[in-house]
Structures are given as C-alpha cells and as structure tokens.
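*Asks:* Mind folding the following:
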Amino acid sequence: MDYVYVTKENIEQEHICCAISNNSDVQVRSKKDWLSCRFEEGLVFIKSSVRGKCFIEYIPAKNAWIPIIGDTYMYIDCLWVAGSLKGYGYSSELLNMCIEDSKRKGMDGICILSSKKKTSYLADPKFLAYKGFRVSDEANNGIQLWYLSFKDSVSPKFKSCAKDCHIDELGFVLYYTNQCPFNAKYVPIIENVSKEHNIAFKVIHLDTKEKAQNAPTPITTYALFYNGEYVTNDVMNEKKFLKLVEKLK
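*Replies:* This is a model prediction of the structure:
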C-alpha cells in the first residue's frame, strides 16, 4: 500500500477518507478547515493512496483536543481502516509509521482512547492489547486511555475534570468539536429536531484547544449528556436521537 501525507499544501486536493470528497460539502469543509489549523501544532495525517477509509491522524498530546496529561506522548486522534481495505495489515502499517515518527521526534510513547468493549468511533481494545498497549487511566463512563511506552516514563492520564463524566445541567447537553466531519451536518439536525419536539437540548461547541482540554469528558469529538450523566459518543441522526429520547424517558 502506498500512503499520502496530507499537509496544508495538498489538503484541498486530497480526499480525507471519512467523509465524501466534494470540498463544498459542509462536512468536508469543516474537517479540512480544522485540520489545516492543526498542522502547525504538529498534527500528522497519513492516508492510503486509494479511496477508502484507511488513515491515521495523530498529534503531540500537549496539543490534542482532549483533557489528558502527558506532554511527552503522541496522541492518536483516529486510526481507521474499514470496508474492503480491512484484513490486509494496514492498521499495523499505519500504527508502525506513527510509532517510528514519534520515536524520531523524541516522544516517550503514544496513547489513544478506547474502552473495555469495542465502542463506535474508538480504537478496538483487542487490537491495542495485541500491539502491546496498556490501560493507563479510566473515566467513570468506561472510556479508557491506552498507551504504548518506548521508555521508562510517567504514563499519560486523564485530567481530573474528565474523570467523573458528570455535569450539573438538566436535559440533553452535547459537547463536540469540528474534528469529526459528520458533526457539521448532524449537530444542526439534532438542534432542529429538539426544537420541533420541545426537547431540552443545549450545544457546547468546543472550538478551541483550551476548551477541549478542559472538557468534562475524555471524548470531545461528540459527547452527549442527559440530566447530567454521560450517554453516548455515537453521532446521532434524527431517527437515532428520537429513539434515544424515548428510551431515556
């Protein structure tokens, strides 16, 4: 497999894998704008040269948009291989590229979010364990921080603000960033659905690194709370959301 490094210079010409290719689509535009501002902070985005969901995105943990402590680690935003590209070892290839790059840059290790059981939009814990990762911290909602250390060093941890995964507000509260392209389309949909059905719904857009690094949840790309308790990181469409509302009531 040949790989392409997406940079600020070529991002307009490259397909970013996890959304449709049309640059005028609100999802693609949102993601590309977010990525473009992160490259100068050390973000690396490597994708397959062929069309498909096969890529890795990582950044120094001190610049990651999640509440963790671990400045000497590299944080993997996303490692995703899906569809017809599964089963060929591409996940291992991409992970190894990240490991070697992180070592060259003097990092103590790499880390990534996962959970006890396979969860949507998070790394597979079985794959991580197979690759030698270990759990360094866990929030009250079961979200875990896994790490692979290159040397004897302090392991990364969640900030205290993200451990309880509890907020004081009632109704639905959604925290999200522009890191996930789907949010640009589906967050407004859920806002409109909530208004139509008179559902208490508040959106908190984590639009800076500082806001994301002090969020009340380890997952900042999409974290939905209800009556103060964390519910899901699964991006909601109208049907999913209304079904969830009925279930919780």
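
*Asks:* just for this structure, where's the confidence low?
*Replies:* Across the chain, the ranges flagged by pLDDT under 70 are 19.

*Asks:* Where does the record place the domain boundaries for it?
*Replies:* Residue ranges for the domains of the chain, per automatic domain parsing: 3-158, 162-248.

*Asks:* Need those domains in a markdown table (columns: mean neighbour count).
*Replies:* Every residue, glycine included, has its C-beta placed from N, CA and C. As requested, the domains of the chain are exported to a markdown table (neighbours: other CB atoms under 10 Å):
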| stretch | mean neighbour count |
| --- | --- |
| domain 3-158 | 18 |
| domain 162-248 | 18 |
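
*Asks:* so where do the strands sit in the chain?
*Replies:* Along the chain, the stretches classed as strands by DSSP state E are 3-6, 44-48, 54-60, 68-69, 73-81, 109-115, 134-138, 143-149, 157-158, 172-176, 201-205, 222-226, 229-232.

*Asks:* got the CA positions of the first one in CSV?
*Replies:* These are the backbone C-alpha positions of strand 3-6, laid out as CSV (Å, rounded to 0.1, in the frame of the first residue of the first chain):
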residue,chain,number,x,y,z
TYR,A,3,0.4,6.3,1.5
VAL,A,4,0.0,10.0,1.2
TYR,A,5,0.9,12.6,3.9
VAL,A,6,-1.9,15.2,3.9
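
*Asks:* which strands and helices sit next to that strand?
*Replies:* Secondary-structure packing of strand 3-6 (3 or more CB pairs under 8 Å, 6 or more residues apart in numbering; DSSP states H and E): strand 44-48, helix 90-104.

*Asks:* show me the contacts for Lys151.
*Replies:* Residues near Lys151 by CB atoms under 8 Å, 6 or more residues apart in numbering: 108-109.

*Asks:* How about the contacts made by Leu174?
*Replies:* 187, 190, 201-204, 222-225.

*Asks:* Same list (the residues you listed) but as TSV, adding distance to Ile56.
*Replies:* Supplementary listing: the contacts of Leu174 in TSV, determined by distance: CB to CB, whole Å:
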residue	distance to Ile56
Val187	25
Ile190	29
Phe201	33
Lys202	33
Val203	29
Ile204	28
Tyr222	20
Ala223	22
Leu224	26
Phe225	29
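
*Asks:* nearest to Ala162, of the residues you listed?
*Replies:* Taking CB to CB as the measure, Ala162 lies nearest Ala223 of these, at 9.8 Å.

*Asks:* What's the separation between that closest one and Cys180?
*Replies:* 11 Å (CB to CB, to the nearest Å).

*Asks:* same thing with Gln144?
*Replies:* 20 Å.

*Asks:* quick revisit: identify, from the contacts of Leu174, the entry nearest to Lys240.
*Replies:* Ile190 (9.1 Å).

*Asks:* Disregarding residues adjacent in the polypeptide, which is nearest to Lys31?
*Replies:* The shortest distance from Lys31 to any non-neighbouring residue, by CB to CB, 6 or more residues apart in numbering, is to Pro181 (3.6 Å).

*Asks:* contacting residues around the one you found?
*Replies:* Taking CB under 8 Å, 6+ apart, we find Pro181 in contact with 16, 18-19, 27-28, 30-31.

*Asks:* can you list the strands of the chain in JSON lines and add distance to Asn96?
*Replies:* Shown next, in JSON lines, are the strands of the chain (distance: least, CB to CB, whole Å):
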{"stretch": "strand 3-6", "distance to Asn96": "11"}
{"stretch": "strand 44-48", "distance to Asn96": "11"}
{"stretch": "strand 54-60", "distance to Asn96": "10"}
{"stretch": "strand 68-69", "distance to Asn96": "23"}
{"stretch": "strand 73-81", "distance to Asn96": "11"}
{"stretch": "strand 109-115", "distance to Asn96": "11"}
{"stretch": "strand 134-138", "distance to Asn96": "18"}
{"stretch": "strand 143-149", "distance to Asn96": "11"}
{"stretch": "strand 157-158", "distance to Asn96": "25"}
{"stretch": "strand 172-176", "distance to Asn96": "31"}
{"stretch": "strand 201-205", "distance to Asn96": "35"}
{"stretch": "strand 222-226", "distance to Asn96": "28"}
{"stretch": "strand 229-232", "distance to Asn96": "32"}
